[in-house]
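[1] let's see this in three dimensions:
(chains A and B)
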Amino acid sequence: MQATTWQGPNTVKVQDVPEPRILNRHDAIVRITSTAICGSDLHLYDGYIPTMVKGDILGHEFMGEVVETGPDVRNVRPGDRVVVPFPIACGSCWSCRQGLFAACENTNANAWMAEKLFGHAPAGIYGYSHLTGGYPGGQAQFARVPFADVNPLKVPDGMTDEQVLFLSDILPTGYMGAEMCDIQPGDVVAVWGAGPVGQFAIASARMLGAEQIIAIDRFPYRLRMAKERAGADITINYEEQDVLETLRELTGGRGPDKVIEAVGMEAHSPRIEYAYDRAKQAMRIETDRPLALREAIMAVRNGGVVSVIGAFGGFIDKFPIGAVMNRGLTIRAGQCHVQRYMQPLLERIQAGDIDPTFVITHRMPLADAPKGYEIFKHKEDECVKVVLQP
Amino acid sequence: MAIGRTLSRGLGAFSLGLGVAQLVAPRRLLEATGFPTGRPAPLIVRAIGVREIGAAGGLLVQRWPVPFAWMRVAGDAMDIVLAGRGVRARGARRDRATAALGAIVAISAADLVTSVLVTREAPRQKDEGLGGRKPVRRSITINRTPDEVYAYWRNLDNLPRFMHHLEEVRDQGDGRSHWVAKGPAGTKASWDAEITEDRPGERIAWRAVPGSGIQNWGTVTFARAPGDRGTQVLVELVYEPPAGPIGVAAAKLFGEEPEQQTAGDLRRLKQVLETGEVIVSEAMAGGRTVRQRPARPLKPDEAASLPDVTGGNGHAFDDAPRADGTSAGQPLQATDAHPVGAG
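    Have a look, this model is predicted:
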């Protein structure tokens, strides 16, 4: 089958690879009908995530039709149309029972690796380095889905792929980012990052009743989308305005009540700090660039919530712990526990509360994935989200 | 108040600075201390610099740097001899060289005191007659009751299912058993073991029968985990591979990293008891830790060595009730799991 494989920094190739086979009794094989490139895939593409091996299949946002099931699978059968959540959950461990599916204790087949880096191992993930288990990803024609009884979401008749594809990752991630803020009536919410996840965080903050939503980015087309499609009230282009000053003015000196960091480890800034963090990263004495995170912490009001859904992988420098402690901030973070949100968000889509297709700007065949990665990385052609059809 | 260790760290820092200087500017050091600078003196000083940096590494990094502290003392003895010769050599500045010798003697005294202190302070290793080898200890929590986990472990047939270095364990009754372990290139090691303690639902202790050629003992305890979390399993193991022809193969087969081996075994035990099977991914299938395959589906020859799961019945534990009263196989989207921190 054809699949997008990682071949080194800035290099992906669509290659012929073997088709997946059942390896565990609870597996299913899915024939993929739609899949997408994620902002976090760019961290793999840019070479920032360790433990990648040439030939690894990428992709963790996918859906399609079940074509084969293992002997112990009862809840799905061949022919079912499903969306697959990106964290792999077993459904049986304590974390899964608590709803912390992205912290599943059993599915990271390389738990020892992740434990060394993170202290304990989080759940396995499709197509996201050997640190998360070394599972092949979903930018391919077929994929093996472990624990098929408990992970895939069945798609109701009458809905298109594009309407439900993003239930696999970015819509629940944006939603969890907003939910972690514990939005109260009257809240002003500021979102750093107007990429697809940021767009959905903004839309979710709107759904959860924020009074005012501010979107921060540097690409005018993304800020326009945030305002016109996602529901932001105000946009700030950080290359034209000073973010902290502008936020201070907009909120009468208080700072936004809740802030969402939807940027992650490859943050950019026009200020001198960018050169500092970039240099440290190049020398491998810092693995992530916390530019947006620092700014969000400094901006939020005293006692506010900093919700972190941008992808980070390692260690950061110059973290304003003094601001956090002295001003009583709450930091909430996490890889999204997607399984928890899929059904409720599907119902929201069906009710017309949100139409996730607004982020799609490019559609192309799987064979064009290398081009998709390039235009997504360089924000060419007003690219926001690339959907691939195998 | 581990003064000895604090002194070791200080001496380590000193070693590091001195070693770097000796490596980088040996002639200047020799001049400053009044020793002759002709060959082979700079080479000797550089070599000493390397030794100093090595000692520094151990002194600064190790939890209880006992061997490195004594290494400094040995180095000091050598330095005193060399410096003594240097003072009397031609081309030496007597006054400076003698002062340098005095400094070396003073530092040696400090090293000696430090070594004695840190040797006293370091915690004793548990010596079970196994050459002081430290036991591997590892713990995991499993979502099953202590009785269930005990019963699974006590059925020795189950051990190879999650202890991947074992090929077979045969229960011979009366607490005795015969073990066969896999080695590299198809080699095997086997020995007899006996259970020395067996408290159902609580604790099992075993050891290789004395004279069976391999030293090994272990204990596993099962304790209720707080709340509804199930069982806390604690394993303590020692493997002491014998010398001789079997020793080399055995040492490899017990793993260069016994901690990692045991951690992996316990993770697999948890997976089997909670989900019914051992989880594999394409990259590590076959138990690979290093040199993993790329994360892509397996080729037929790669998959040939894996068990074929597409036939037969599911494991009995699939349907067994769990410690928290739940059971397997319900779609997660339909469950009413507690949302974190909302509202």
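[2] residue B:144 belongs to a strand, doesn't it?
    No. Read with DSSP: H, G, I helix; E, B strand; the rest coil, residue B:144 is coil and lies in no strand.
[3] quick check: it touching residue B:274?
    Yes. Contact between residue B:144 and residue B:274 holds when scored by Cβ atoms under 8 Å: they sit 7.2 Å apart. (C-beta placed from N, C-alpha, C; glycine too.)
[4] okay, the nearest residue to residue A:113 once chain neighbours are set aside and residue B:260: tell me how far apart.
    Spatial nearest neighbour of residue A:113, chain neighbours left out: residue A:131 (5.3 Å); criterion: Cβ to Cβ, 6 or more residues apart in numbering or on different chains. Residue A:131 sits at a distance of 16 Å from residue B:260 (criterion: Cβ to Cβ, to the nearest Å).
[5] hang on, the earlier thing: quick check: the residue nearest to residue A:113 is in a strand.
    No. Counting by three-state DSSP, residue A:131 falls outside a strand, being helix.
[6] what about the closest residue to chain A within the stretch 201-343 of chain B, which helix or strand?
    Using Cβ to the nearest Cβ, the closest approach of the stretch 201-343 of chain B to chain A is made by residue B:283 at 2.4 Å. Under the criterion DSSP states H and E, no helix or strand holds residue B:283.
[7] check what pLDDT it gets.
    The score at residue B:283 is 95. That number is its pLDDT.
[8] just confirm it contacts residue B:293, I think it does.
    Yes. Counting by Cβ under 8 Å, residue B:283 touches residue B:293, with 5.4 Å between them.
[9] higher neighbour count, the two?
    With neighbours defined as other Cβ atoms under 10 Å in any protein chain shown, residue B:283 and residue B:293 compare such that residue B:283 has more, 24 against 20.
[10] what's near enough to touch residue A:308?
    Applying Cβ atoms under 8 Å, 6 or more residues apart in numbering or on different chains, we find residue A:308 in contact with A:261, A:293, A:331-334.
[11] which pair in those spans the largest distance?
    A:293 and A:334 (14.4 Å; Cβ to Cβ).
[12] who's more crowded, the two?
    Neighbour totals were compared for residue A:293 and residue A:334, and residue A:293 leads with 26 against 18 (other Cβ under 10 Å).
[13] break the chain down into its domains, please.
    You didn't say which chain, so I picked chain A. Domains of chain A are assigned by automatic domain parsing as A:2-168+A:336-389, A:171-333.
[14] let's do chain B instead
    Split by automatic domain parsing, chain B gives B:3-121, B:136-296.
[15] residue A:379: which of those domains is closest?
    Closest of the domains of chain B to residue A:379 is domain B:136-296, at 27.8 Å (criterion: Cβ to Cβ).
[16] if we can go back for a sec, between the domains of chain A, which one is nearest to residue B:42?
    The nearest among the domains of chain A, by Cβ to Cβ, is domain A:171-333 at 32.4 Å.
[17] which ones are touching residue B:119?
    So residue B:119 contacts B:4, B:66, B:69-70 (Cβ under 8 Å, 6+ apart).
[18] quick check, residue B:67 in a helix?
    Yes. Note on residue B:67: a helix contains this position according to three-state DSSP.
[19] adding neighbour count and distance to residue B:230, write the contacts of residue B:119 out as JSON lines.
    Formatted as JSON lines, the contacts of residue B:119 follow (neighbours: other Cβ atoms under 10 Å in any protein chain shown; distance: Cβ to Cβ, whole Å):
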{"residue": "B:4", "neighbour count": "21", "distance to residue B:230": "43"}
{"residue": "B:66", "neighbour count": "19", "distance to residue B:230": "40"}
{"residue": "B:69", "neighbour count": "29", "distance to residue B:230": "45"}
{"residue": "B:70", "neighbour count": "18", "distance to residue B:230": "47"}
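[20] got the residues of the stretch 151-300 of chain A near chain B?
    Residues of the stretch 151-300 of chain A found near chain B (Cβ under 8 Å from any Cβ of the partner chain) are A:151, A:153, A:179-180, A:182.
[21] inside strands: which ones of these?
    Among these, the residues falling in strands (DSSP state E) are residue A:153.
[22] reformat the residues of the stretch 151-300 of chain A next to chain B as CSV; add pLDDT.
    As requested, those are arranged in CSV below (pLDDT from 0 to 100):
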residue, pLDDT
A:151, 97
A:153, 98
A:179, 98
A:180, 98
A:182, 98
